[in-house]
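Novice: mind folding the following:
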Amino acid sequence: MGVRIEKVELPGIGVRHDLVTESGRRISVVSHRDGERDLALFDVADPDACRDSIPMTDDEAAALADVLGTSVMISRLTNLSDAAVGLFTEQLELPTDSPYLNRPLGHTKTRTRTRVSIVAIVRDKVVLPSPTPDEILRPGDVIVAVGTREGLDAVSRLISNGPD
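Specialist: Residues are numbered from 1 along each chain as shown. Below is the predicted model:
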């Protein structure tokens, strides 16, 4: 079964979007006319009975979306590499003494030197997909890379020590 999202108009309130999981659980986002929103969880035994409602600020909703987006993106990359023999996905934390710290990603010349693609940077739990060569590498960044085992090992050495 694919993902099913149902939209329900709530007269005088706004709109509710329900996600029905494979197990039949219902999770909803109620978007009020005034811009407020609630995350709602429904009872397992009675899918029409709201079990709990959690009001969410814009920042909280954005943070939840980022956390979910990060985990889904990394999961999909991992599944892609599982299906392709010899292709791996790895998360590499930028060392605090990296010669590339506070420098543009392009200065690493990762793809040219290792034949590995950097597909994302995770910074403060936020995914920066398809980073450009101008993206500045910051302390705590986690680089998400796709390539061969040898290439990923080379990237690890590169970001730690600089070019050979």
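
Novice: show me what contacts Thr108?
Specialist: By Cβ atoms under 8 Å, 6 or more residues apart in numbering, the contact set of Thr108 is Tyr100, Leu137, Leu158, Ile159. For glycine as for every other residue, the C-beta is placed from the backbone atoms N, C-alpha and C.

Novice: let's go with 6 Å and repeat that
Specialist: By Cβ atoms under 6 Å, 6 or more residues apart in numbering, the residues touching Thr108 are Tyr100.

Novice: which SS state does the closest residue to Ile27 other than its chain neighbours fall under?
Specialist: Computed as Cβ to Cβ, 6 or more residues apart in numbering, the closest residue to Ile27 that is not its neighbour in sequence is Leu19, at 4.9 Å. Using DSSP: H, G, I helix; E, B strand; the rest coil, the structure places Leu19 in strand.

Novice: tell me which helix or strand comes right after the lowest-mean-pLDDT helix or strand in the chain.
Specialist: The helix or strand of the chain with the poorest confidence is helix 58-83; it has a mean of 68 (mean pLDDT, DSSP states H and E). Later in the chain than helix 58-83, the nearest helix or strand by DSSP states H and E is strand 88-93.

Novice: okay, and the beta partners of Lys7?
Specialist: Taking DSSP bridges, one obtains His17 as the residues bridged to Lys7.

Novice: wait, a strand at Ile54?
Specialist: Yes - residue state for Ile54 (three-state DSSP) corresponds to a strand.
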